[in-house]
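Novice: The sequence and its predicted three-dimensional model are supplied below.
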Amino acid sequence: VIAAGIDVGAKTTKAILMDGDAILGRGAVPTGFDQDQAACQALGVARQEAALEESSIKKVFFTGLAGRSFASAAGHISSVRAAARGTIHLLPEARTIIDVGAEQSYSLSCDAHGAVLDFALNERCAAGSGAFLEAMSHALEVTLQELDALAGKASGKVRITAQCTIFAESEVVSLIHSQTPKPDIAGAIIDSIASRVAATVRGMGSTPLVVLIGGLARCAAFRTGLQSSLEMDVQIPENPEFACALGAALIAMEEQ
Amino acid sequence: VTPSTLPREEAWRWPETRWQSSEIGSASGRRIAAGVDVGSVSTQAVLLADGELYTYANLRTGSSSSQSAEKAMQLALESTGLRLQDIHACVGTGYGRVNVPFAKCTITEIACHARGAHHIYGPTVRTVLDMGGQDCKAIRCDEKGRVVDFLMNDKCAAGTGRGLEVFAELLHVPIQEMGALSLRVTREPPMVSSTCVVFAKSEALGLLRQGWSKEETLAAYHAAMANRLGALLRRLGVEKDFAITGGIAKNIGIVSRLRRELDVEPLTASIDPQIAGALGAALLADEMLDEI
């Protein structure tokens, strides 16, 4: 049975097509303002990669932004449940999963079957989400990739004290004005978000193996920062931004 | 006396002002006390002559606290015939208070705002809401303007002037006109649901896309701010009389919604509520001279 999992994120919508254990295709498009359209487009890209007819997809499960018209027609599962199921499939040893997305982040603990035991969610504050890094890279006038590369060369002497994204923005601007080297500012930015995410994880307890998924898993400096904040090894699965879509597809197949 | 408006640097930023009492002619030979409040967004310098409000300057804070303090003090002294060395005592307050080079000592802005509100609004004030650039404080004070208790938010931009600045930029509306504009709606729309200013901004963009007017979007954000400030005040407990200080006290959109939210009438006054901190500092400096 061919099933699809679609993860509608604040910034990017991801779709994955599966047949049993095999991944047939993936698609990712910007979410924009029309979530239904984004879901269709992402699925379209995945279908093209898999060279599949629309009629051959028997089941579609959604995760991510909830309560949308398209999602209500199919099944909808929570991000936390999808993340656990998808990550366990990729890394069966995972017991603590951290997902940092564009506008929210959460950490969860799960068992060997991918059942969620506990989770802590931050969706109210931009600090600790991709939105923080986006605002900071804007203030520093670099891309996210450049920010990541710069942070790798930081001396570690500079700190950002503000927690709030808006206040941190002003702090970055004054650091620029006082001629602080860019790599040091970038390092301070990454340390700030890493320590904030780590605090959420610690509050819940961090059983190894700790796994990082979501868009920010692509940021090498963030992973390093998280590892030193947690004093633990943090693993990243293949295609970390698709973990939730994968979980949704797997659950779609299981719930026949 | 109407404040003279100095040239604006950018349209969305509030105008800087200077004021001088028309009743006090020459200050020479009088006892001069000063207060400087270096905030994260604005800096005020206030001069008292024999304990009476003589002159003040209200400027936007630059990148250096000490330069901002000096600039504000120079503007306050301008055309008074006084020099810096003629000031008998000066108290620094606010976020940058340790960087006021000519201050004799520093006092927290909480104490200064309570004292300033006591002077501006009178001795019946028991609850003060100071709405500043990067923080907001709910303060309970006694009949002498001394602080009894307070609560503050300085961790998050929601409910602060910085949040309003973000919306002024987003909607291209001069910050001093936002409040009045937010009241130009036929009925109050549902408030912006995101607390975080970053998310509120994306939410507002979505609303504008759906066809909401600037006025409606502003109303939704002002209502959310008033709601948040109301929650802070209720946690402290609002005892009458109630007064508002700080730059946002001049935003009618926030003040009128806060009045509705709390069902308490805030006191009004003829003195600019944005100078409350510096005025309080100057009054405390003047009291120190009394003690000598």
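Specialist: Okay, I see it.
Novice: Let's verify B:E239: helix, strand, or coil?
Specialist: coil (DSSP: H, G, I helix; E, B strand; the rest coil).
Novice: Could you double-check that it lies in contact with B:D142?
Specialist: No. B:E239 is not in contact with B:D142 according to C-beta atoms under 8 Å; the separation is 10.5 Å. (Each C-beta comes from the backbone N, C-alpha and C, glycine too.)
Novice: correct me, but A:D111 touches A:T96?
Specialist: No. Counting by C-beta under 8 Å, A:T96 is not a contact partner of A:D111; they are 11.6 Å apart.
Novice: returning to that earlier point: overlap of the contact sets of B:E239 and B:D142?
Specialist: The contact sets of B:E239 and B:D142 overlap at B:R126 (C-beta atoms under 8 Å, 6 or more residues apart in numbering or on different chains).
Novice: So A:D111 and A:T96 - more neighbours on which side?
Specialist: Just comparing A:D111 and A:T96: by other C-beta atoms under 10 Å in any protein chain shown the higher neighbour count belongs to A:T96, 24 against 11.
Novice: contacting residues around residue 84?
Specialist: No chain in the question, so chain A it is. Contacts for A:A84 (C-beta under 8 Å, 6+ apart) come out as A:I97, A:L108, A:C110, A:G114, A:A115, A:V116, A:G247.
Novice: oops, chain B please
Specialist: B:M73, B:L77, B:F102.
Novice: check which helix or strand covers A:A139.
Specialist: Using DSSP states H and E, A:A139 falls within helix A:130-140.
Novice: quick one, strands of the stretch 1-150 of chain A?
Specialist: A:2-8, A:12-19, A:22-30, A:59-64, A:75-76, A:96-100, A:105-110, A:116-122 (DSSP state E, counting those that start in this stretch).
Novice: residue nearest the centroid of the chain?
Specialist: No chain in the question, so chain A it is. Of all residues in chain A, the one closest to the mean position by C-alpha atoms, centre = their mean is A:G214, 1.9 Å from it.
Novice: meant chain B, my bad for not saying
Specialist: By C-alpha atoms, centre = their mean, the most central residue of chain B is B:G246, 1.5 Å off.
Novice: Would you check that it makes contact with B:P273?
Specialist: Yes. Counting by C-beta under 8 Å, B:G246 does reach B:P273; the two are 6.6 Å apart.
Novice: Next to chain A, which bits of the stretch 101-250 of chain B? Give me the list.
Specialist: B:134, B:155-157, B:162-163, B:166, B:194-199, B:202, B:206, B:209 (C-beta under 8 Å from any C-beta of the partner chain).
Novice: okay, the angle between the helix holding A:A139 and strand A:96-100?
Specialist: 50 degrees (axes from the mean of the first three to the mean of the last three C-alpha atoms, to 10 degrees).
Novice: ok, residues contacting helix A:130-140?
Specialist: For helix A:130-140, contacts defined as C-beta under 8 Å, 6+ apart pick out A:11, A:100-103, A:126, A:143-144, A:146-147, A:165-166, A:168-169, A:172-173, A:176, A:182, A:185-186, A:189, A:192-193, A:215-216, A:219, A:222, B:198-199.
Novice: on that earlier part again, could you redo the strands of the stretch 1-150 of chain A as TSV and give each row mean pLDDT?
Specialist: Shown next, in TSV, are the strands of the stretch 1-150 of chain A (pLDDT from 0 to 100):
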stretch	mean pLDDT
strand A:2-8	94
strand A:12-19	96
strand A:22-30	96
strand A:59-64	92
strand A:75-76	86
strand A:96-100	97
strand A:105-110	95
strand A:116-122	93
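Novice: now those strands in TSV, with distance to B:L183?
Specialist: Below are those laid out as TSV (distance: least, C-beta to C-beta, whole Å):
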stretch	distance to B:L183
strand A:2-8	37
strand A:12-19	39
strand A:22-30	37
strand A:59-64	37
strand A:75-76	40
strand A:96-100	40
strand A:105-110	37
strand A:116-122	34
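Novice: between the ones you listed, which one is nearest to A:A82?
Specialist: Distance to A:A82, taken as C-beta to C-beta, is lowest for strand A:59-64 among the strands of the stretch 1-150 of chain A, at 4.0 Å.
Novice: what about that closest one, near chain B?
Specialist: No. Judged by C-beta under 8 Å from any C-beta, strand A:59-64 stays clear of chain B, getting no closer than 15.7 Å.
Novice: gap between the longest helix seen in chain B and the chain center?
Specialist: Ranked by residue count under DSSP state H, the longest helix found in chain B is helix B:214-236. The chain centre lies 17 Å from the centre of helix B:214-236; the measure is C-alpha atoms, centre = their mean, to the nearest Å.
Novice: For it, buried residues please.
Specialist: By neighbour count on 16 or more other C-beta atoms under 10 Å in any protein chain shown, the buried set for helix B:214-236 is B:214-230, B:232-233, B:236.
Novice: Pull the contacting residues for A:D191.
Specialist: When contacts are counted by C-beta under 8 Å, 6+ apart, A:D191 is found next to A:G156, A:R159, A:I160, A:G225, A:S229.
Novice: any idea which of those residues is closest to chain B?
Specialist: Checking the contacts of A:D191 against chain B by C-beta to the nearest C-beta gives A:I160 as the nearest, at 13.4 Å.
Novice: Share the number of residues neighbouring the closest one, please.
Specialist: So A:I160, with other C-beta under 10 Å, has 20 neighbours.
Novice: Quick check, pLDDT for it.
Specialist: A:I160 is assigned 95 on the pLDDT scale.
Novice: Distance-wise, check A:Q163 relative to B:L82.
Specialist: Counting by C-beta to C-beta, to the nearest Å, the gap from A:Q163 to B:L82 is 42 Å.
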